[in-house]
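Participant: take a look and give me a structure for this.
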Amino acid sequence: MRQKIRVVGAIIEQDGKVLITQRPPKAVLPLLWEFPGGKVEPDETDEQALARELREELEIEVVVGERATESTHSYPQYDIDFAVYRCRIVGGEIVHRAVRDHRWVRTAELSQYEFPPADEATISMLLGLG
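Facilitator: Now for the predicted structure:
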């Protein structure tokens, strides 16, 4: 049976731009850009996991809002069940604890960055293509 991993991501918009983060060089899918987030632990809700991941990776506190999109993607070794939520920063300053870099980009600029395949549905939704 293939492993299925529940992953959550955040769409954080500020001043007409959206936050993206770059994966560390030694991570799976190294140096690709993504919407910040991570894996949901067995005892967590999506919302709890997303708030925890953003605290651990970026030292920011967020309010998790409505689900913006959900998709699945099959990688060679596992399947991703990926839900993306709109979030708002309510505390902290971005610190690179578990990411290599971050950028605030306009949605029209997203195509200039290389994302994992699982993020394509979110980008399409943000660009109004979905």
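
Participant: would you map the helices across this protein?
Facilitator: 46-58, 120-126 (DSSP state H).

Participant: so which bits of the longest one are buried?
Facilitator: Okay, so that is helix 46-58. In terms of neighbour count (16 or more other C-beta atoms under 10 Å), helix 46-58 has its buried residues at D46, E47, A49, L50, A51, R52, E53, L54, E57, L58. Placement of C-beta: from N, CA and C, glycine included.

Participant: my guess is the first one contacts V84, does it?
Facilitator: No: when contacts are counted by C-beta atoms under 8 Å, D46 is not listed as touching V84 (9.8 Å).

Participant: which regions of the chain sit below the pLDDT cut-off?
Facilitator: 130 (pLDDT under 70).

Participant: sorry, back to before: of the buried residues of helix 46-58, closest to K17?
Facilitator: L58 (15.6 Å; C-beta to C-beta).

Participant: list the contacts for V8?
Facilitator: Residues in contact with V8, defined by C-beta atoms under 8 Å, 6 or more residues apart in numbering, are G37, G38, V40, D46, A49, L50, E53, F82, A83, V84, Y85.

Participant: ok, of these, which one's closest to T69?
Facilitator: Nearest to T69 among the contacts of V8, with distances taken as C-beta to C-beta, is V84, at 5.0 Å.

Participant: list the contacts of that closest one.
Facilitator: V8, G9, A10, I11, F35, G37, R67, A68, T69, E70, T122, M125.
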